[in-house]
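A.B. asks: mind looking at a prediction? Sequence and model below.
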Amino acid sequence: MRENIKLYLTAFNTALQAKFEYRVDFFVGVLTSCMLQLSSLFFLWVVFHQTPSINGWMPDQVILLFGMTAAALGLSELFFNHIWFVPSYIVQGDLDRLLTYPVNSLYFLLITRPELHAFGNLATGTLLTSYALIHLNAPWYAWVFFPLFAVSGCLVYTAALVIAASLSFKFVGPTSINLFVTNILLNATRYPLSIYPQVVQIVLLVLVPYGAFHYLPASLLLGKELNLWIILVTPLAALFFFWEAGWFWRWGLNQYESTGS
Amino acid sequence: MRPLQPPLTLLSSFQSYASYFVRCLKASFAYRAATITNLLTAAVSYSITIMIWRQVYSQNPNLLISSDQMYVYLLLAGCVNYAMIMNIEFRISQRIRNGLVATDLLKPVDFQIAQGIQAISDGFFNGSMGIMVFLCGFFVFGTRMLPPDFPCFCLFMISFLLGFTVMYGVCFVFVQGAFYTYSGYGIMASRNALQLTFSGVSAPLAFYPPLLKTIADWLPFKHIIYSPISIYMGWAKNADAYQLILQQACWAVFLFVLGKLIMKHALKQLEVQGG
């Protein structure tokens, strides 16, 4: 176990160092991911220019959701970004090499291609979350719990990507449509889930539990009539969803046929 | 030294561009799966925007424009935005990265015009998808999706074509950055961020806070989506519409010349690895 962890850490470290060789890519990536986050915030500004709140949620409260989403996205892009390449690896037969390594194929794949623009999302997420917590006069324990919720969010988002990528084993194609939909659904949770129809809320709380890592904790923090046991839901949802993703990955591998080239 | 090939006549130039256009169009249709993917993801994104505005209108129904007009605007913005999708940043930056741009520059056609023709072929394909979205909107909103009169429609068509030219000009200027950074993602994402904010794709510019609106007025992005749609919906009529069209034409010419100048400079430091 200890040897394995050491191996994964070395693989991640090597991949990260290789990425840092492209310094211009790093600066451009960070700058553009910050710009994309800013562009979403500008839209929020336009919306709040027309109304004081969205379904009872004030600007600072929605910014908290924005920040948590950006932080979870940044963490996933930094540590587990390689999953985005699975559909094209399946088409080109590049997965064969990985399957011959004496490691867990999923964990090894996930950590061996960090994305540098993740730092932009991570920085923006941290800044926005801190800004919102300060303006909402959040209690001290919120500062302890919210980083844990961001990590849970990263696991939930990555697990959703793994499930989506596993479907590519069955439905082979060069595009990553299922992964993009996963990303868009995450973006949808930057706004309070209560603005969506009931079916969408159930999907985003139960089937793909994005709402569990920021909407529920934020609702609790902001006194929106929820029970304290909700605090437990976040890490449990993340762990359960990640376990489920592992099951989907194994199912996908059983469907895998090499290209034979 | 004599040139290897005699200079092309106007007619043969036109024939080259025409056959190039047909080839590009066929290529666009060959990648229809990827395009339908984009259409689906865009549909989900737009649904989110529409649900947010629906919530805003449920709390504050007396906004500058009615909720119906807003939904029609958002649908039209989606159609126009979709027709404006061009992959030139991805294509050019890839070719710069792997050195294939060197072979493009050897061809006896103008690089900027050839890329423009490829963008038009993208527009034809994506536009057909945009029309499908328009028809879905027409099914829901009926005649409210139509312009108030025929002159509005004619002016919209002119404005739309100029908007397409402005969009191409913006993309071409941005992609010149790939000659220096060799990064396609950064260029595409930064242009996309600016366009999402200042083109009016998620809300009419009249809804913007004064500071954002002032910035939008000074940038070309609003002429890609907001200007054509405000003419289509009859918000800008007569002198206002002509003024918008004139501004679009000025931006189109300016961006075309700017793209040419930047490329001339960028080519001086282009390095292509052999082997």
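C.D. replies: Yes, it's here. Not measured: the values here are computed from a predicted model.

A.B. asks: quick one: the helices in the stretch 101-250 of chain A?
C.D. replies: Secondary structure of the stretch 101-250 of chain A (DSSP state H, counting those that start in this stretch): helices at A:105-111, A:118-135, A:140-170, A:177-188, A:198-202, A:215-221, A:230-255.

A.B. asks: what packs against the last one?
C.D. replies: Contacts of helix A:230-255 with other secondary structure elements, assessed using 3 or more Cβ pairs under 8 Å, 6 or more residues apart in numbering or on different chains; DSSP states H and E, are made with helix A:105-111, helix A:140-170, helix A:215-221. Every residue, glycine included, has its C-beta placed from N, CA and C.

A.B. asks: go on, the first one?
C.D. replies: Contact here means 3+ Cβ pairs under 8 Å, 6+ apart; on that basis helix A:105-111 packs against helix A:2-20, helix A:59-80, helix A:95-99, helix A:140-170, helix A:230-255.

A.B. asks: flag the shaky bits of the chain, pLDDT-wise.
C.D. replies: In the absence of a named chain, chain A is used. A:172-178, A:224-230, A:259-261 (pLDDT under 70).

A.B. asks: chain B, not that one
C.D. replies: Applying pLDDT under 70 to chain B flags residues B:1-10, B:13, B:20, B:24-38, B:183, B:271-275.

A.B. asks: got the contact list for the residue in it that chain A sits nearest to?
C.D. replies: Nearest to chain A in chain B, going by Cβ to the nearest Cβ, is B:Gly186, at a distance of 3.3 Å. Listed by Cβ atoms under 8 Å, 6 or more residues apart in numbering or on different chains, the contact partners of B:Gly186 are A:25, A:28-29, A:31-32, A:117, B:177.

A.B. asks: could you check how far the residue in the stretch 1-150 of chain A that chain B sits nearest to is from A:Gly120?
C.D. replies: Across the stretch 1-150 of chain A, no residue is closer to chain B than A:Val28, which sits at 3.3 Å (Cβ to the nearest Cβ). According to Cβ to Cβ, to the nearest Å, A:Val28 stands 10 Å off from A:Gly120.

A.B. asks: spit out the contact partners of A:Val103.
C.D. replies: Contact analysis of A:Val103 by Cβ under 8 Å, 6+ apart lists A:4, A:7-8.

A.B. asks: let me redo that: B:Ile158
C.D. replies: Applying Cβ under 8 Å, 6+ apart, one finds that B:Ile158 lies in contact with B:Ile245.

A.B. asks: got phi/psi on it?
C.D. replies: Phi and psi for B:Ile158, reported as degrees, to the nearest 10, are phi -60, psi -50.

A.B. asks: again with B:Pro220
C.D. replies: Torsion angles, degrees, to the nearest 10, at B:Pro220: phi -80, psi -10.

A.B. asks: and for it, the neighbour number?
C.D. replies: 25 (other Cβ atoms under 10 Å in any protein chain shown).

A.B. asks: for B:Asn62, same thing?
C.D. replies: B:Asn62 sits with 6 neighbouring residues when counted by other Cβ under 10 Å.

A.B. asks: same thing with A:Phe20?
C.D. replies: Here the count is done by other Cβ under 10 Å, and A:Phe20 has 12 residues near it.

A.B. asks: leaving out sequence neighbours, find the closest residue to the residue of chain B closest to chain A.
C.D. replies: Nearest residue to B:Gly186, sequence neighbours excluded (Cβ to Cβ, 6 or more residues apart in numbering or on different chains): A:Val28, at 3.3 Å.

A.B. asks: so that neighbour is in which element?
C.D. replies: Here A:Val28, judged by DSSP states H and E, is contained in helix A:23-50.

A.B. asks: the helices in chain B, which residues?
C.D. replies: Using DSSP state H, the helices of chain B run over B:10-30, B:32-59, B:67-83, B:88-97, B:101-106, B:111-141, B:150-175, B:178-181, B:184-198, B:210-218, B:226-232, B:238-268.

A.B. asks: so which of those helices is the most packed in?
C.D. replies: Across the helices of chain B, the average number of neighbours (mean count of other Cβ atoms under 10 Å in any protein chain shown) peaks for helix B:226-232, which reaches a mean of 27.

A.B. asks: so what touches that helix?
C.D. replies: Residues from elsewhere that reach helix B:226-232 (Cβ under 8 Å, 6+ apart): B:73, B:76-77, B:80, B:147, B:152-153, B:155-156, B:159-160, B:163, B:199-200, B:204-205, B:216, B:236, B:241, B:244-245, B:247-248.

A.B. asks: likewise for stretch B:210-218?
C.D. replies: By Cβ under 8 Å, 6+ apart, the list of residues contacting stretch B:210-218 reads A:42, A:45-46, B:197-198, B:200, B:205-206, B:208, B:222, B:226.

A.B. asks: closest to B:Gly169 out of these?
C.D. replies: Nearest to B:Gly169 out of the contacts of stretch B:210-218 is B:Lys222 (Cβ to Cβ; 14.1 Å).

A.B. asks: spit out the contact partners of the closest one.
C.D. replies: Residues counted as contacts of B:Lys222 (Cβ under 8 Å, 6+ apart) are B:198-200, B:205, B:216.

A.B. asks: spell out which parts of the stretch 101-250 of chain B neighbour chain A.
C.D. replies: Counting by Cβ under 8 Å from any Cβ of the partner chain, the residues of the stretch 101-250 of chain B close to chain A are B:180-183, B:185-187, B:189-190, B:192-194, B:196-197, B:202-203, B:207-209, B:212.

A.B. asks: recalculate using a threshold of 6 Å.
C.D. replies: B:181, B:183, B:186, B:189-190, B:193, B:196-197, B:202-203, B:207-209 (Cβ under 6 Å from any Cβ of the partner chain).

A.B. asks: could those residues be laid out in TSV, adding distance to A:Thr51?
C.D. replies: Formatted as TSV, these follow (distance: Cβ to Cβ, whole Å):
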residue	distance to A:Thr51
B:Thr181	40
B:Ser183	39
B:Gly186	34
B:Ala189	29
B:Ser190	30
B:Ala193	24
B:Leu196	20
B:Thr197	19
B:Ser202	15
B:Ala203	12
B:Phe207	11
B:Tyr208	14
B:Pro209	13
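
A.B. asks: and the furthest pair within the residues you listed?
C.D. replies: The farthest-apart pair in those, when distances are taken by Cβ to Cβ, is B:Thr181 and B:Phe207, at 34.7 Å.

A.B. asks: and of the helices of the stretch 101-250 of chain A, who's closest to B:Ser12?
C.D. replies: Judged by Cβ to Cβ, the one of the helices of the stretch 101-250 of chain A that comes nearest to B:Ser12 is helix A:177-188, at 42.1 Å.
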